[in-house]
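>>> How does the following fold in three dimensions:
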Amino acid sequence: MGNLTKEVALLGLGEHFELWNRETLEAREQEAAAAGFEAADFTF
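Numbers count the residues shown, from 1 in each chain. Sure, this is the predicted structure:
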């Protein structure tokens, strides 16, 4: 089930949510912070 472990993070906004493995989320956040805000891919 998506590489979930004991510790997960529930992220959401409105009617959409995602369940992430905590370690994977932290690694992704560190990569994004290292790349800088300009590298973020935001779509509205």
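>>> Find the nearest non-adjacent residue to the spatially most central residue of the chain, please.
Central residue of the chain (Cα atoms, centre = their mean): Leu25, 4.4 Å from the mean position. Of all residues not flanking Leu25 in the chain, Ala9 sits nearest, at 5.0 Å (Cβ to Cβ, 6 or more residues apart in numbering). The way it works is simple: take the backbone N, C-alpha and C, and place the C-beta from them, glycine included.
>>> Pull the number of nearby residues for that neighbour.
Residues lying near Ala9 (other Cβ atoms under 10 Å) number 14.
>>> That one sits in which helix or strand?
strand 8-13 (DSSP states H and E).
>>> Could you list every helix and strand in contact with that strand?
With contacts defined as 3 or more Cβ pairs under 8 Å, 6 or more residues apart in numbering; DSSP states H and E, strand 8-13 has these neighbours: strand 16-21, helix 22-35.
>>> Pick out the shakiest of the ones you listed, pLDDT-wise.
Note on those: helix 22-35 shows the lowest mean pLDDT, a mean of 87.
>>> one step back: what about the residue nearest to Leu25, distance to Gly36?
23 Å (Cβ to Cβ, to the nearest Å).
>>> Surely the residue nearest to Leu25 and Arg28 touch.
No. Proximity of Ala9 to Arg28 does not meet the contact threshold set by Cβ atoms under 8 Å, at 10.6 Å.
>>> ok, back up a step: now do the buried residues in the strand holding Ala9.
Applying a neighbour-count criterion of 16 or more other Cβ atoms under 10 Å, one finds Val8 buried in strand 8-13.
>>> same check, this time on stretch 23-31
For stretch 23-31, the buried set under the neighbour-count rule, 16+ other Cβ under 10 Å, comprises Leu25.
>>> any idea how far it is from the chain center?
7 Å (Cα atoms, centre = their mean, to the nearest Å).
>>> So what touches it?
Stretch 23-31 has contacts (Cβ atoms under 8 Å, 6 or more residues apart in numbering) with Asn3, Thr5, Glu7, Ala9, Leu11.
>>> just those now: which is nearest Trp20?
Within the contacts of stretch 23-31, proximity to Trp20 (Cβ to Cβ) peaks at Ala9, which comes in at 4.8 Å.
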